[in-house]
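Asks: Please find the sequence and the predicted model below.
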Amino acid sequence: MGRGADAVHQFVGGQPALAHAVSGGMDPVRRGLVWILRPCKGRGASLTRAVHGLGMAALLLCTPAEPAARAQPPPAVPCGEGRTFQNPLLEGTLADPMVLAYQGTFYLYATGEVDGDRGTRVYTSTNLVDWTRGPVVFRPGRPHVWAPDVWRDPRSGRFYLYWTVSETVGVAVSDAPVGPFREVASWFPRAIDAHLFRDDDGRLYLYFVQLPDFRIMVQRMASPTEPEGPPVELLRPESDWETRAGRVTEGPWMLKHQGRYYLLYSGSGANTPDYAVGYAVAERPTGPFRRAPHNPIVRRGEGVYGPGHGCALQDHAGQW
């Protein structure tokens, strides 16, 4: 899925949409979308949280790893206009964090930390700040296990983990968010960054990236494990910011807001400072999507390089 630099910041903002990744004087989310941004796969990373006083949107941003790891997180540091930030949330070789909220607990899944990148571990929290290391929930016995995306089916109550393993996308299932997850299907060779979206009418859509040309695709799903019909291309790398370091559009994440569909995605090379986040808008989950004219909306700034790969999170109170 996504990649970026070597650490992660979490922002909480008031009005939706769009932040610039900077260190020190961090800008908040300015308009009305809500996000979590993730660092690169397979690279050292730590998680950092920043909180805005207006308290609406949550963000995790990648930042470069510090030269020396800290034994304990430092206290929250004022950041102007009621904002604070705190480093780190988690240290280690973690990347691509995805957070699921369920029954008063947040579950974080990420790339790395299991024999390199050969499995997925879960972390739990009740406040998005203090995290407890949990068990390994998915170990397929193959390398390059990237960017887990966990979704709970409200009908069956089961949990589905959409995975990338050695550039193939598939799904595993469990009765609990702490696993273990069992493989049940795989599709789309030469593909990465799977993300499942359930629309208000109950229809399911799987977004993913088709290699080698990094096209963002959408696949209608008859069920959480069964594709229906052929996939449809939504975006390919064409804009200047998507092609500054390689030609990349990846890390799709779908968010519906006031009846419109917002596709968050990352552009340019994941291992470069130019990796950034933009979005596109459509009236339907299958497009056509129109790129936002002010993309990228999260990009490198002072001390922050290559932020990428978005994930939207709604908390237990219904806030984004």
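Replies: Nice, thanks for sending it over.

Asks: which residue sits closest to Pro140, ignoring its sequence neighbours?
Replies: Excluding its sequence neighbours, the residue lying closest to Pro140 (C-beta to C-beta, 6 or more residues apart in numbering) is Val165, at 5.3 Å. C-beta: built from backbone N, CA, C; applies to glycine.

Asks: Oh, that last question was meant for Gly267, not what I typed.
Replies: Leaving aside its sequence neighbours, Gly267 sits nearest to Glu242 (C-beta to C-beta, 6+ apart; 3.4 Å).

Asks: The one you found contacts Ser268, doesn't it?
Replies: Yes: assessed by C-beta atoms under 8 Å, Glu242 is found in contact with Ser268 at 6.0 Å.

Asks: Can you report how many residues neighbour the residue nearest to Pro140?
Replies: 22 (other C-beta atoms under 10 Å).

Asks: and what of Glu238?
Replies: Neighbour count of Glu238, defined by other C-beta under 10 Å: 11.

Asks: what about it, distance to Trp253?
Replies: Glu238 sits 20 Å away from Trp253, going by C-beta to C-beta, to the nearest Å.

Asks: hey, what's the residue nearest to Pro140 bridged with?
Replies: Under DSSP bridges, the beta-bridge partners of Val165 are Val145, Thr168.

Asks: so it sits right up against Val145, yeah?
Replies: Yes: taking contact to mean C-beta under 8 Å, the distance of 5.3 Å between Val165 and Val145 places them in contact.

Asks: re earlier: tell me the contacts of the residue nearest to Pro140?
Replies: Shown in contact with Val165 (C-beta atoms under 8 Å, 6 or more residues apart in numbering): Pro140, Arg142, Pro143, His144, Val145, Trp146, Ser186.

Asks: A strand includes Arg284, no?
Replies: No: Arg284 is assigned coil when assessed by DSSP: H, G, I helix; E, B strand; the rest coil, not a strand.

Asks: What segments of the stretch 201-320 of the chain are strands?
Replies: For the stretch 201-320 of the chain, applying DSSP state E, counting those that start in this stretch gives strands covering 204-210, 215-223, 226-227, 232-235, 249-257, 260-267, 276-282, 290-291, 308-311.

Asks: So what's the residue count around Ala147?
Replies: Residues lying near Ala147 (other C-beta under 10 Å) number 30.

Asks: quick revisit: can you add mean neighbour count, distance to Phe159 and mean pLDDT and give the strands of the stretch 201-320 of the chain back as JSON lines?
Replies: Below are the strands of the stretch 201-320 of the chain laid out as JSON lines (neighbours: other C-beta atoms under 10 Å; distance: least, C-beta to C-beta, whole Å; pLDDT from 0 to 100):
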{"stretch": "strand 204-210", "mean neighbour count": "24", "distance to Phe159": "15", "mean pLDDT": "98"}
{"stretch": "strand 215-223", "mean neighbour count": "19", "distance to Phe159": "14", "mean pLDDT": "98"}
{"stretch": "strand 226-227", "mean neighbour count": "14", "distance to Phe159": "17", "mean pLDDT": "97"}
{"stretch": "strand 232-235", "mean neighbour count": "18", "distance to Phe159": "26", "mean pLDDT": "98"}
{"stretch": "strand 249-257", "mean neighbour count": "23", "distance to Phe159": "18", "mean pLDDT": "94"}
{"stretch": "strand 260-267", "mean neighbour count": "26", "distance to Phe159": "22", "mean pLDDT": "96"}
{"stretch": "strand 276-282", "mean neighbour count": "22", "distance to Phe159": "27", "mean pLDDT": "95"}
{"stretch": "strand 290-291", "mean neighbour count": "16", "distance to Phe159": "33", "mean pLDDT": "98"}
{"stretch": "strand 308-311", "mean neighbour count": "31", "distance to Phe159": "16", "mean pLDDT": "77"}
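
Asks: any chance of those strands in JSON lines, with distance to Leu94 too?
Replies: Shown next, in JSON lines, are the strands of the stretch 201-320 of the chain (distance: least, C-beta to C-beta, whole Å):
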{"stretch": "strand 204-210", "distance to Leu94": "21"}
{"stretch": "strand 215-223", "distance to Leu94": "24"}
{"stretch": "strand 226-227", "distance to Leu94": "30"}
{"stretch": "strand 232-235", "distance to Leu94": "27"}
{"stretch": "strand 249-257", "distance to Leu94": "16"}
{"stretch": "strand 260-267", "distance to Leu94": "17"}
{"stretch": "strand 276-282", "distance to Leu94": "19"}
{"stretch": "strand 290-291", "distance to Leu94": "30"}
{"stretch": "strand 308-311", "distance to Leu94": "13"}
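
Asks: so what's Tyr162 up against?
Replies: Shown in contact with Tyr162 (C-beta under 8 Å, 6+ apart): Pro148, Asp149, Val150, Trp151, Val169, Gly170, Val171, Ala194, His195, Leu196, Leu206.

Asks: go on, Arg139?
Replies: Neighbouring residues of Arg139 by C-beta under 8 Å, 6+ apart: Val114, Arg118, Gly119, Thr120, Val145.
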